[in-house]
Each structure stands twice: as structure tokens, then as C-alpha cells.
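# Curious how this folds, go ahead:
(one chain, ligands or ions: 1)
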Amino acid sequence: MDRTDPLDQSVASLGGIGKQTASKLEKLGIRTCQDLIFHLPHRYEDRTRIQAIGALKPGVTALIKGKIELTDTLLRGRKSLICRIGDGTGFINLRFFHFSAAQLTQLSPGTCISCFAEVRHGYAGLEMIHPDYKILSNPKQSVTEDTLRPVYPLTEGLSQSLLRKAIKQALNLHLKNLTDWLPESLLQRFNYPTLIEAINFLHAPSEQTTAETLLQNDNPARKRLAFEELLSHHLSLRVVREQAREQLAPPFSIDETTRRHFLKSLPFQLTGAQQRVITEIEADCSRQQPMLRLVQGDVGSGKTVVSAYAALLALAAGYQVAVMAPTELLAEQHFRNFSAWFERFQTQIIFLTGQIKGNTRKTTLETLEDGSAGIVIGTHALFQESVTFKKLGLIVIDEQHRFGVHQRMALRDKGRNAGIRPHQLVMTATPIPRTLAMLQYSDLDISIIDELPPGRKPIVTSVIPSERREEVIARIGHWVAHKRQAYWVCTLIEESEALQCEAAEKTAELLTQVLPDIRIGLVHGRMKAADKDAVMQDFKSHRIDLLVATTVIEVGVDVPNAGLMIIENPERLGLSQLHQLRGRVGRGKDDSYCLLLYQSPLSDTARHRLGILRDTNDGFMIAEKDLELRGPGEVMGTRQTGQMQFKIADLDRDTDLLDNIPTIAESLLHHSPDAVQPLIKRWLGETVNYAEV
Ligand SMILES: Nc1ncnc2c1ncn2[C@@H]1O[C@H](COP(=O)(O)OP(=O)(O)OP(=O)(O)O)[C@@H](O)[C@H]1O
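Residues are numbered from 1 along each chain as shown. Coordinates of the predicted model:
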């Protein structure tokens, strides 16, 4: 940290902020004076004018002034204190559910008072509940404030007035030190205020400004800061990318015989798209800089074999490979695939998840450390501290969207060995629309597998009300009689895994009763890994006809003979997630079907969403529609997982800003390189240093 910058001074350097307050501020992510300055109000209170009681409407928040006409304590229902206030234009009641004896005396009839609160409908006309009030010495006493009062996001134990004072101090002392890193020409082009104007305007709005103007989406001060924040996030990824170019990675090359040997041992021929992506990967890995590449391909497009080819390049050059999957189920499947594809290549492939403990874990770790294992496949357990590699040359991360950008950066550290960085390949089936990709993947080059293996037929999707459940069950009977397999996916309230598992158990029981001749298996997230694995194995080798599952099977599960999927309550899931789930079928040459069994009545929006899924199998188009319907915030998972947290920007409100960011970032990197790290530090809290990650 640059200790000479006054903006970096700790909040504790300000008057009235002791250790305790500093640690509370830290909970809000505020450590330095700069952080305080960038802690902006989330709303404003208008105490600039007194409103006539007679003109008040429910829902408005108002400042009023009047005389107490009557005070009473009510014992009916919840005990409360009521004061009736009049100002000559009308009356309003104040209601206190808890109050002290002193308050009762203080709020006696005849007293002049001013109150600030939201106006609501009460039992007897309009009322204010627990208003912020002041007893006045005379009716003429002034109670209005000159400007709007900012209200800041708080944390427990911190008061508005304390935060307001601290911010005021920080502004007085340090606002002048704030450098505006956005070039003048840019401010002019977008009609943005300068940084100091924007910050001042939001913390201390001018007398003419209204709260509505301040909170409006197109308020130039807010927009400018949102722009700067999004730009900084994008820049942090670009910097990682530039810095990566300066690192050393092992160049891989492969001889023609090994290549042919591998390709021949596959049970299929690569598609044109797979070949193209493989060539891109090979070109990346032949350089002395680390590859940072994202492979995007629709469900079932055959990404795994592409990553296996990358692994072959590393092995041929004498390096180890780590393949990380988001779930155990998927890790096991990759393990089986890799084991089959590399069968003829005397390479030890090992499996590592959090479930593997004790001695087995110890020996597994040893094989990585002494270099006897060539490939390790597992879950995020791979990146725990205890895991060390002898010579890691390639990291493959599957289903990237489940890991955050910063996690990904931390992972790159694993292979650092004598100054060498591993190459990195990221695979995702979730197409991220271009505008959003730049906030998540700008550190990566992108390859797209835009072709499915030959002979795949589109999945026929139907939208069916749950009243026709029996018909659907009968259809499973016929299906299984034709030696095909099926999935029944139970989705319940997403947040509760326990409830989901319970629902799946019940469904499996019921289906067993009505379909006694069918072999039914159950798999859910709460089962032990070994049990889950056994069921999946049975399903793969067709000892189970119908697999009842929760959404644990969402990613990657690959059983080509399973061509029928029933998804219960599809209306509760996002379009992209449904597309992923549905992608478990249609993986062979035969016809495949997906039945979306919804609970009636279906809202118009839900009907529209399910209709999209019925009408198209194109993952890219579905992702675009999903974005349109749910908004970028939801699609990027910011709300659920907090993966991307912004101080000011809101992806749903600020999408319009995204288009310009890459070119502006480019120009800043070239013309004002000094601006880059300070901007990143201002908005992300830390500078980015790939070399030290
Ligand atoms: N070129 C090909 N020709 C025929 N089959 C292929 C080809 N490439 C892959 N496959 C097979 O297609 C199926 C899907 O491949 P894979 O599991 O790699 O898809 P994926 O892109 O990872 O999909 P998902 O995102 O659903 O996990 C597998 O059974 C795989 O063996």
C-alpha cells in the first residue's frame, strides 16, 4: 500500500473514530479515508420544507410541525402511546409502541413539536409510527434543513450521525486529494461531472436538488461513478491478462505419432469445431506465456475431449495436469472418461475430492508431490493448501460460472514453481452474452465450440400441466419398455437442499409404487459420495431405468441412452439452468424428449419463458432471452452468490454503460497507464498483481 497517499490514511486517523468504530466500519468494507469518501448514500431525507398536515398522503415521508392536541395510552391490543398533532390544516396521530415515563410527560398536550417519518393509514386516520421528533420551545422555532440529508448504508452498532460526521471529515480533509482519472474528453463526451463534483453532489446535494433527482437512474453524478466502477472491474481483468503475458509458462509441443495415437483411441472423430478449438489451444500452449483460454460450448458439444487433448499436450511435455469440476458427480465422470481415453498412455490418473480422507488422501497427495501422477481430477479440494504438485503445467476448470473471478485468479497460483506458471483452460456451457463477458472473462481468450457431434437430433420439449401427471408416468412405462432410460428431476425451492432431497425421496417412492416393473434409482446432494457414485454407475450401465434426481445432475452427466427427461416445477428455475438440465438428454443418435411438468396456474411470464425453451434448443439464444427476462444481475448470479459486488453500479440499471467500456479501457491502458492501478484500488480495494497472486 502506498503510505504516502493521504487518501490511504486509516479511518482511525479521523477525529472521533476509535478502534471499535474502525472495526465496525471495516464490516462495511471501509478502512481508509478514500473508502469513506466512496461510501455513498443509498437514499435521502427531505427535511428542507414543512408539509401541511392536511395535504399529507399515505406513503410519503414528511417533515411536519404542530401542537400536541391530545395524548393517550391505549391498552387494547398492543399497548401504545398516541399523540394527536394539529397544525391548523389537519390532524395526524403519532404512535409509539414502546415509550418511557419521561416521554409521556414530555409529549403532553399543548407542546409544540416537529416530526419526521413516513405517513401511513392508521386505525383513526393518518399516522406516523415512531417518528423522529423534536420538542420545540416555541411555534416559530426553525426546524428545516438547507439541503437533503443523506442516509448511508449502516451496519450494526453504527449510527447515521456518526457515519455522517466521519464522512464529512474525510471529505473536508481529503476530497481535494482525489485524482480524477477519467480524461476530460470522456467527461465531455458523456456529459459527466468531474469526480469531485460527482462525489460532492451525492454526499451534499445542492439546495435545489430533490431526492427524486438524486436517485434517478440517469443522474449524471451516479452514472459517472457507476461507469468508473464498471470500467475498473473490467480493467482489473485486462491487467491480469497483460501481466500474464509477461509470465513464463512451459511451452508444449507434441509429436505426430502421439497425437495420432490419441485421436485414434477415441471412440469418435472430432467435429470441425472441436478441431478448430484444439488448434487454438495448441497454438497457445506452444508459447512461453501462460494460456488463459475459455472454451464455451453448448451442452453436449463435447468440451471434455477438448480438455483431454490439452492434457495430452502437457503430459507429452512432461508436465502434470489438474482438472477441476464443480461437483463430485461431474469429477467422477471426467475421471472415467479421462481414464478410458488415456488407457493406452501409461499415465497415472488420480481422483481427489474433499470426501477422500485419511491414508488414501495421504498417498494421493504424495503421488502429486513426487510427480508419479500425471493427471488429477477432482473438485475444488484440489486447490487446498495441502495439495502440492511436482510440475503442474495445465489447469482445466470446468463450469466456470460457479467460481468467482477472484477465485480463478487465486487458483493460478497453484502451479507456480520456479517462476513457471501453468496454462489455464476454462470450460463453460453457459454462454455469457458479450456485454457481460467483459466483466467476467476479459482476462481470457475465448474459443467457441459451435457445432454438435453428428447425428444429434433436437430435443423435443413439451410444456405439460401437472394434472396430466398420470399420462406422463404411463409414457415412462412405454419408454422403458423400449429399453431406453429416463430422468425425473425434482426441483423445489432452490435454497433448501434438504427440502429438495426430501421431495426427490418421496417422488421416488411414489413412482416405485405406480411403476413396479421399472428399476428406479435415486440420487441427491445429501447422499454419501460412494452411494451417489454407485447409483450413477448403475444408471450408466443400465441397471437402473429411471433416475429420480435433484438438480445435482444439472451439469455434465452423460448417459446417451437416457433420452427422456421429466422436469417438475420448471417454472421455478432460470432458463439457462433448465437448458443445462435438459442437456442431459439428446446426447446420443436417438430421439429425445423433455417434458416440463408445471404446477397450474402458470403466470403469463412463466408461460412465455417455458415457451422459449420449447421453441429452441440453441443455448446462446436462450441465454440472451434469459438476460432479457431476468436482467443481468440475476443472470450473473450477483444476487444469489454475491460473486460480483459493486458499490454503486447495478447491472440491471447500468447495462447501457457496458458497451463503451472495452474501448475506453483500451485507450486508458495505452494513453494513461498510471490511472489503471489507482482506479482498480479505488473500486476493488486492492491493486491487481498477477505476479504475486
Ligand atoms: N466428436 C464427437 N462425436 C461424437 N460424440 C462426441 C464427440 N465429442 C464428444 N462426444 C460425446 O458427446 C457427449 C457429450 O460430450 P461432453 O460430455 O464432453 O459434452 P460437454 O460439452 O461437456 O457437455 P455438458 O456441458 O453438457 O457437460 C459425450 O458422450 C461424448 O463422448
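# Quick check: residues of the stretch 301-450 of the chain near the ligand?
Applying CB under 6 Å from any ligand atom, we find that the stretch 301-450 of the chain lies next to the ligand at 301, 302, 303, 304, 305, 429. For every residue, glycine as well, the C-beta is placed using N, CA and C.
# ok, the fifth one - contacts?
With contacts defined as CB atoms under 8 Å, 6 or more residues apart in numbering, the neighbours of residue 305 are 266, 270, 274, 337, 341.
# neighbour-wise, which of these leads?
When neighbours are counted by other CB atoms under 10 Å, residue 274 leads those with 22 neighbours.
# That one contacts residue 304, doesn't it?
No - counting by CB atoms under 8 Å, residue 274 does not reach residue 304; the two are 10.3 Å apart.
# Closest residue of the stretch 301-450 of the chain to the ligand?
Proximity of the stretch 301-450 of the chain to the ligand (CB to the nearest ligand atom) peaks at residue 302, 2.8 Å away.
# which residues of the stretch 501-650 of the chain score low on pLDDT?
554-556, 631-645 (pLDDT under 70).
# Over to the chain?
Ranges of the chain meeting pLDDT under 70: 1-4, 76-78, 400-419, 433-435, 492-497, 554-556, 631-645, 686-693.
# What's the first helix or strand after the longest helix seen in the chain?
The longest helix of the chain (DSSP state H) is helix 220-245. Next along the chain after helix 220-245, taking DSSP states H and E as the criterion, comes helix 256-265.
# just how off-centre is the helix or strand following that following helix within its chain?
Using DSSP H and E, the helix or strand that follows helix 256-265 in sequence is helix 272-285. Put simply, helix 272-285 sits 30 Å off its chain's centre (CA atoms, centre = their mean, to the nearest Å).
# Residues of this structure that sit close to the ligand?
So far as CB under 6 Å from any ligand atom goes, the chain lies against the ligand at 268-271, 274, 297, 299-305, 429, 453, 556, 558, 560, 583, 587.
# ok, now which ones touch the closest residue to the ligand within the stretch 101-250 of the chain?
Residue nearest to the ligand within the stretch 101-250 of the chain (CB to the nearest ligand atom): residue 237, separated by 23.7 Å. For residue 237, the contacting residues are 405, 438, 439, 440, 441, 442, 443, by CB under 8 Å, 6+ apart.
# For these, which entry has the maximal number of neighbours?
That'd be residue 443 among the contacts of residue 237, by other CB under 10 Å, with 25 neighbours.
# Hmm, that one is touching residue 234, no?
No - using CB under 8 Å, residue 443 is not in contact with residue 234, being 9.9 Å away.
# List the residues that contact residue 144.
47, 48, 49, 50, 63.
# mind checking how far the fourth one is from the ligand?
Distance of residue 50 to the ligand, given as CB to the nearest ligand atom, to the nearest Å: 63 Å.
# Am I right that that residue falls within a strand?
No - Residue 50 is assigned coil when assessed by DSSP: H, G, I helix; E, B strand; the rest coil, not a strand.
# doesn't residue 141 make contact with it?
No - using CB under 8 Å, residue 50 is not in contact with residue 141; the gap is 11.5 Å.
# Between the two, tell me which one has more neighbours.
Comparing residue 50 with residue 141 by other CB under 10 Å, the one with more neighbours is residue 50, at 16 against 12.
# Which residues are in contact with the closest residue to that one other than its chain neighbours?
Distance criterion CB to CB, 6 or more residues apart in numbering; nearest residue to residue 50, sequence neighbours excluded, is residue 65 at 5.0 Å. With CB under 8 Å, 6+ apart as the criterion, the residues that contact residue 65 are 50, 87, 112, 113, 114, 115, 136, 139, 143.
# Just checking: what are the partner strands of whichever strand in the chain runs longest?
Taking DSSP state E as the criterion, the chain has its longest strand at strand 61-74. Applying DSSP bridges, strand 61-74 is found paired with strand 80-86 (antiparallel), strand 112-118 (antiparallel).
# surely residue 548 meets residue 518?
No - Residue 548 lies out of contact with residue 518 (CB under 8 Å); the separation is 10.9 Å.
# which residues are common contacts for these two?
Joint contacts of residue 548 and residue 518 (CB under 8 Å, 6+ apart) are residue 511.
# more crowded one of those two?
Set side by side, residue 548 and residue 518 show more neighbours around residue 548, with 28 against 18, by other CB under 10 Å.
# so which helix or strand takes in the more buried one?
Using DSSP H and E, residue 548 falls in strand 546-549.
# ditto for residue 349
strand 348-352.
# Check which element follows that strand along the chain.
Counting by DSSP H and E, what follows strand 348-352 is helix 358-369.
# got the domain boundaries for this protein?
The record's domain parsing of the chain by automatic domain parsing lists 1-43+160-175, 49-144, 256-449, 460-616.
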